[in-house]
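**Student:** Below is the structure, and that's it, no one-letter string:
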C-alpha cells in the first residue's frame, strides 16, 4: 500500500537553507509533488518531479529524488519568513488514477 | 489566474444532519476530486470524478457520501448523516488531465466542517 512519511517540524534561521525530507513506500510513483499550505489556506503546488528524474531545480527550490531509497527532499535556498508554512510531499502512482497520496506534512518555522 | 472556489468556508452542523459542500472547479478542467484533512493529520483522498461518474473512491467514501456535478460549473460533496468524526477540512481539487506541470491538481481553499 501507499505510505508517505515526513518529519513533523523543522526550524531554520532566515537566510539559511531548509531541507525537508519525505520517504515513500510505493515504487510505482509517476510524479512526486511538493505542496505548501499556509495557515487557513488551501494547498499550493510548489514543484514536482517525474519519477525518472533525479533532480529538479526551480529558482530557490531544489528537489532531489533517490529512487533506490524511496527518498524525496525539498531544499529551499535563502529561506525567508514568508516560507513559514506546512509542506506536504505527495505521490501519484502508475495506474492509481489521478489521486494523490499525501505525507504527514512538515511544519517549517523560519526565525529571524 | 483561474482558481478553484469552495463554499462555505466554514460549516457547523449537528450530528445526523445532511451537509452539502460546494466547489466550483476551474472551468476547462475535466477531473474533480475531494480530499479531507482531519485536524493535525494528513490530507486524505476521498473520491475522484470524471465524465459524470466516480472514477475512484477511498474506503472513507462510504454510502454516507455522494458527489454530483449538477450543472456545468458546480461539483458537490454530500454527507447524508454527519458523524462527529466527519469534522475536518474538506478540499476540492481539479485538473485538466494534461501533462503540463505534472498534471497539477489545483486545490480550493477548503471548507471547514464542524459536527457537534
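**Tutor:** Sure, I can see it. Every value quoted in this text rests on a predicted model; they were computed, and no experiment measured them.

**Student:** What residues does chain A have near chain B?
**Tutor:** A:4, A:31, A:33, A:35, A:40-45, A:48-50, A:88, A:90, A:92, A:96-105 (CB under 8 Å from any CB of the partner chain). Any C-beta I mention is one placed from the backbone N, CA and C, and that applies to glycine too.

**Student:** name the element whichever residue of chain A sits closest to chain B belongs to?
**Tutor:** Among the residues of chain A, residue A:48 lies closest to chain B, at 3.5 Å counting by CB to the nearest CB. Using DSSP states H and E, residue A:48 maps to strand A:43-50.

**Student:** thought the residue of chain A closest to chain B was touching residue B:104?
**Tutor:** Yes - under the criterion of CB atoms under 8 Å, residue A:48 makes contact with residue B:104 at 7.3 Å.

**Student:** And these two? Which one has more around it.
**Tutor:** Using other CB atoms under 10 Å in any protein chain shown as the criterion, residue A:48 and residue B:104 rank with residue A:48 on top: 20 against 17.

**Student:** What score does the residue of chain A closest to chain B have for pLDDT?
**Tutor:** pLDDT for residue A:48: 91.

**Student:** Equivalent analysis for the one 10 residues further on, please.
**Tutor:** According to the per-residue confidence, residue A:58 scores 91 in pLDDT.

**Student:** list the contacts for it?
**Tutor:** Shown in contact with residue A:58 (CB atoms under 8 Å, 6 or more residues apart in numbering or on different chains): A:46, A:47.

**Student:** separation between it and residue A:31?
**Tutor:** 14 Å (CB to CB, to the nearest Å).

**Student:** re earlier: for the residue of chain A closest to chain B, name its beta-bridge partners.
**Tutor:** Counting by DSSP bridges, residue A:48 is bridged to residue A:33.

**Student:** Residues contacting the strand holding residue A:48, please?
**Tutor:** A:30-38, A:55-56, A:58, A:61, A:63, A:65, A:72, A:74, A:87-88, B:43, B:91, B:93, B:101-102, B:104-107.

**Student:** mind redoing it with 7 Å?
**Tutor:** By CB atoms under 7 Å, 6 or more residues apart in numbering or on different chains, the residues outside strand A:43-50 that reach it are A:31-37, A:56, A:58, A:61, A:63, A:65, A:88, B:91, B:101-102, B:104, B:107.
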